[in-house]
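**Q** Just the structure for this:
(2 chains)
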Amino acid sequence: MAIQLLNGVVYGGLLYLLAVGLVLIFGLREVVNFAHGALFMLGSYIGYTLAAAGHWWLGLLVSVVVMAAVGCILDVLVFRSLRKHDHIVTVLITFGLLLILETVVTVTWGKAYLSYPVPKLLAGTVEIAGSPFPIYRLFIIAVSLLVAAGLAAWLRFTRMGLYVRAASTNAHVTSIQGIDVDRLSLVVVGLGTALAGLSGVVAGPLLTLSPTMGNYILIDSFIVVVIGGLGSFGGAFIAALLIGQIHNLGAIHLPWAATMLPFLLMIGILIWRPTGFAGSRT
Amino acid sequence: MTSIVDKGAPAEVRPASKTARILGVAALALAIGIAAPWLVASKLTLSLTTQAIFDALLATSVGFLVLQNGRVSFGQAAFFGLGGYAFGVLVARQLMAPELAFILALALPTLIAFLLGIVFARITGVAHAMLTLAVGQAFYEVAFRWRELAKGDDGMSFELPERFFGFASRHFQDPAVMVVVAWSILVLALAGLALFVNSRVGQIAAAVRDNEERARFIGHDTTIPPAIVYAISAFLAAIAGLLQATYNGYIAPQMFHWSLSGSALIMAVVGGAQFIVGPAIGAVCFFFLKDFAGRFAEYWPAIVGTVLVAVTLLMPQGMVGLASRAWTGRRSKP
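**A** Purely as a prediction, here's the structure:
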């Protein structure tokens, strides 16, 4: 049972890394980023290229840095000009970006499924409650908890975090107060996509790589964001752990309904509270 | 003009001659369609055109929801797949007469959409897009996992019975016949939508789309008219799915997948979702562009993505919007 719960936390942690990127980008730019799953996938492929050559940790670093740069470019070229458009336009445009990124990866790396190596340092298992548990999965839990704690501290205790929270509540009023929201959003969008790259690499050894690998997890992270409430960091954390548990326990105890449960939960929550349980915006 | 959603035609009173004009254009279009198999000799062209018309029907159904309810759906394929699956499964198991299965395959998605519409019409914007995405994927998961239903991921071929609606059923898989059937249905659907937009219910739905609160204050029911729009839209998607399943004699879970919903939405937006004919034109153009770009098939999604980004940013009213602006611009010149 402890193992099952831990596996749920592993998936929940990955979902959190993606969902919090969506929340960051939505908060600053009001962009619902359909391309986030594709960025996750791109990050995973970049990391894979180095990991397959034996440089797993370098792959992680390069992927995070490259994806942060991609995020900054996206912010300047695309998201900045979307400010005056409504949400649905941004959905369509990021959907277009998703198609472009998928093609780039398909052309560069091919369509074949690739398997991602586990770093030597983290190979092997430890015994938890009498059953073996891969060390690598504990690493995933540690990474997501570290990110969650770091992000919470950054948002809570630094001046910049204060600005980010202000801009996420109302970007217009924040800019009237003399804060350069464009510069802030460069950092925030870069951070969001860097987290997509990080989760892409970290999730790599658990999943098989393919150009469509981002779609499935993207839908789950959307569910997390919508359930937690658009723009809510804490909501995303709780919802990610919840969906992680539902995903795993469902797969074991209710296999015929497992993939439906998150959808049903989301439909129920949206009908009950269209803003999600911790959100105030639609 | 930054929005593709809010700027539908404002509710207005239209003269009765409008109805006559719609019917006239529809009759002309029907005549052209019936003549097509005699004018075009190539079976391949006819078959491609038939497929393009199926796409056009699906895009029309997505576009109509944008036009009349101001809602973007990422799950329209649910009704497309449901139409195809209901028919395919019922016919393959010979549970009932194929004609009855045909009617049921249209009625079921329409009814489900009406009931969902009562709830969904309350939800706007991104949450609506996510909700429809979730509902669509839920259907996909059922078709994918439930192997006893229709062989899950592999998809299922089925044989049409000997006779169908009194005709030999091989006609329904002959492009020269099906192109006329599909075209006629598309023309009738577009004419029907044009008439609906001008009807009382259509006008109330437009009023609810523009301002739900005011529509309620002046005493209109704001639940049922949008739900009827959902039902009509699902009905069209179900026809498209049903026709495709009949024509190919094959159903597969991909009929439910959100990428199909997404591409139908793209076609609708590129064609111009503020016009009844826009999505259909967008779909047909996309279909033939895709066929033409076959050599670059590898890059096709990127081409679509680029077109989508360019259209939404540069011409939010789509191809038909651009054409109609060019037309009025030319006429108003001295």
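**Q** Quick check: A:F133 is in a strand.
**A** Yes: remark: A:F133 belongs to a strand, assigned using DSSP: H, G, I helix; E, B strand; the rest coil.
**Q** wait, what's in contact with it?
**A** Neighbour list for A:F133: A:I3, A:L6, A:T125, A:V126, A:E127 [criterion: C-beta atoms under 8 Å, 6 or more residues apart in numbering or on different chains]. C-beta coordinates here come from the backbone N, C-alpha and C atoms, glycine included.
**Q** ok, now with 7 Å
**A** Contact analysis of A:F133 by C-beta atoms under 7 Å, 6 or more residues apart in numbering or on different chains lists A:I3, A:L6, A:T125, A:V126.
**Q** For the residues you listed, pick the one with the most neighbours.
**A** Greatest neighbour count in the contacts of A:F133, by other C-beta atoms under 10 Å in any protein chain shown, goes to A:L6: 17 neighbours.
**Q** Now do A:L122: how many residues are near it, please.
**A** The local packing of A:L122 (other C-beta under 10 Å) involves 15 other residues.
**Q** Tell me which two in the contacts of A:F133 are the farthest apart.
**A** Farthest apart among the contacts of A:F133 by C-beta to C-beta are A:L6 and A:T125. That separation is 12.2 Å.
**Q** hang on, the earlier thing: narrow the contacts of A:F133 to those in strands?
**A** Members of those lying in strands (criterion: DSSP state E): A:T125, A:V126.
**Q** nearest to chain B, of the contacts of A:F133?
**A** Within the contacts of A:F133, the smallest distance to chain B is 24.5 Å, found for A:I3 (C-beta to the nearest C-beta).
**Q** To what extent is the spatially closest residue to the closest one that is not a sequence neighbour buried, counted in neighbours?
**A** Distance criterion C-beta to C-beta, 6 or more residues apart in numbering or on different chains; nearest residue to A:I3, sequence neighbours excluded, is A:S131 at 5.1 Å. For A:S131, the neighbour count with other C-beta under 10 Å is 12.
**Q** partner residues bridging A:S131?
**A** Per DSSP bridges, the residues bridged to A:S131 are A:I128.
**Q** Tabulate the contacts of A:F133 in a markdown table, adding columns for distance to B:L160.
**A** As requested, the contacts of A:F133 are exported to a markdown table (distance: C-beta to C-beta, whole Å):
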| residue | distance to B:L160 |
| --- | --- |
| A:I3 | 51 |
| A:L6 | 52 |
| A:T125 | 55 |
| A:V126 | 59 |
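**Q** Let me know the closest of the contacts of A:F133 to A:I227.
**A** Nearest to A:I227 among the contacts of A:F133, with distances taken as C-beta to C-beta, is A:L6, at 21.9 Å.
**Q** mind listing what that closest one touches?
**A** By C-beta under 7 Å, 6+ apart, the residues touching A:L6 are A:I128, A:F133, A:R137.
**Q** name the helices or strands packed onto the top helix by length along chain B?
**A** Counting by DSSP state H, the longest helix found in chain B is helix B:43-69. Other elements packing on helix B:43-69 under the criterion 3 or more C-beta pairs under 7 Å, 6 or more residues apart in numbering or on different chains; DSSP states H and E are helix B:175-198, helix B:200-210, helix B:224-248, helix B:258-271, helix B:278-292.
**Q** tell me which residues in the helix or strand just after that helix are buried?
**A** Counting by DSSP states H and E, the next helix or strand C-terminal to helix B:43-69 is helix B:77-92. If you call a residue buried by 16 or more other C-beta atoms under 10 Å in any protein chain shown, then helix B:77-92 has these buried ones: B:77-92.
**Q** Between the residues you listed, which sits nearest chain A?
**A** Distance to chain A, by C-beta to the nearest C-beta, is smallest for B:A78 among the buried residues of helix B:77-92, at 11.5 Å.
**Q** Flag every residue of chain A that's near chain B.
**A** A:32, A:84-89, A:91-93, A:95-97, A:99-100, A:102-103, A:106-107, A:219, A:222-223, A:226, A:230, A:256, A:259-260, A:263, A:266-267, A:270-271, A:274, A:282 (C-beta under 7 Å from any C-beta of the partner chain).
**Q** ok, of these, which come out buried?
**A** With neighbours counted by 16+ other C-beta under 10 Å, those contain buried members at A:32, A:85-89, A:91-93, A:95-97, A:99-100, A:102-103, A:106, A:219, A:222-223, A:226, A:230, A:259-260, A:263, A:266-267, A:270, A:274, A:282.
**Q** any weak-confidence spans in the stretch 1-150 of chain B?
**A** Applying pLDDT under 70 to the stretch 1-150 of chain B flags residues B:1-16.
**Q** Repeat the analysis, applying 80 as the threshold.
**A** Counting by pLDDT under 80, the low-confidence segments of the stretch 1-150 of chain B come to B:1-18, B:31, B:33-44, B:94-95, B:122-127, B:147-150.
**Q** For it, what lies in contact range of chain A?
**A** Contact residues, the stretch 1-150 of chain B versus chain A (C-beta under 7 Å from any C-beta): B:2-5, B:72, B:119, B:123-127, B:129-131, B:133-135, B:137-138, B:141, B:145.
**Q** and residue 23, what does it touch?
**A** All of this is about chain A. Counting by C-beta under 7 Å, 6+ apart, A:V23 touches A:V225, A:G231, A:S232, A:F233, A:A236.
**Q** try chain B instead
**A** For B:L23, the contacting residues are B:A191, by C-beta under 7 Å, 6+ apart.
**Q** okay, how far is it across stretch B:82-102, tip to tip?
**A** One end of stretch B:82-102 to the other measures 12 Å (C-alpha to C-alpha, to the nearest Å).
**Q** Alongside chain A, which residues does the stretch 151-300 of chain B contribute?
**A** Proximity of the stretch 151-300 of chain B to chain A (C-beta under 7 Å from any C-beta) is limited to residues B:G262, B:V269, B:E298, B:Y299.
**Q** and the first one, how far is that from A:L92?
**A** Spelled out, that is B:G262. For B:G262, the distance to A:L92 (C-beta to C-beta, to the nearest Å) stands at 9 Å.
**Q** What of the last one?
**A** Counting by C-beta to C-beta, the gap between B:Y299 and A:L92 amounts to 20 Å.
**Q** next one: the third one
**A** Here the criterion is C-beta to C-beta. By it, B:E298 lies 23 Å from A:L92.
**Q** Would you tell me which helix is longest in chain A?
**A** In terms of residue count, the longest helix belonging to chain A (DSSP H) is helix A:2-29.
**Q** what's the next secondary structure element after that one?
**A** With elements assigned by DSSP H and E, the helix or strand that comes after helix A:2-29 is helix A:36-52.
**Q** ok, B:G219 - how many residues close by?
**A** By other C-beta under 10 Å, 6 other residues sit near B:G219.
**Q** circling back to that earlier point, which of the contacts of A:V23 sit farthest apart?
**A** Going by C-beta to C-beta, the pair spanning the contacts of A:V23 furthest: A:V225 and A:F233, at 10.5 Å.
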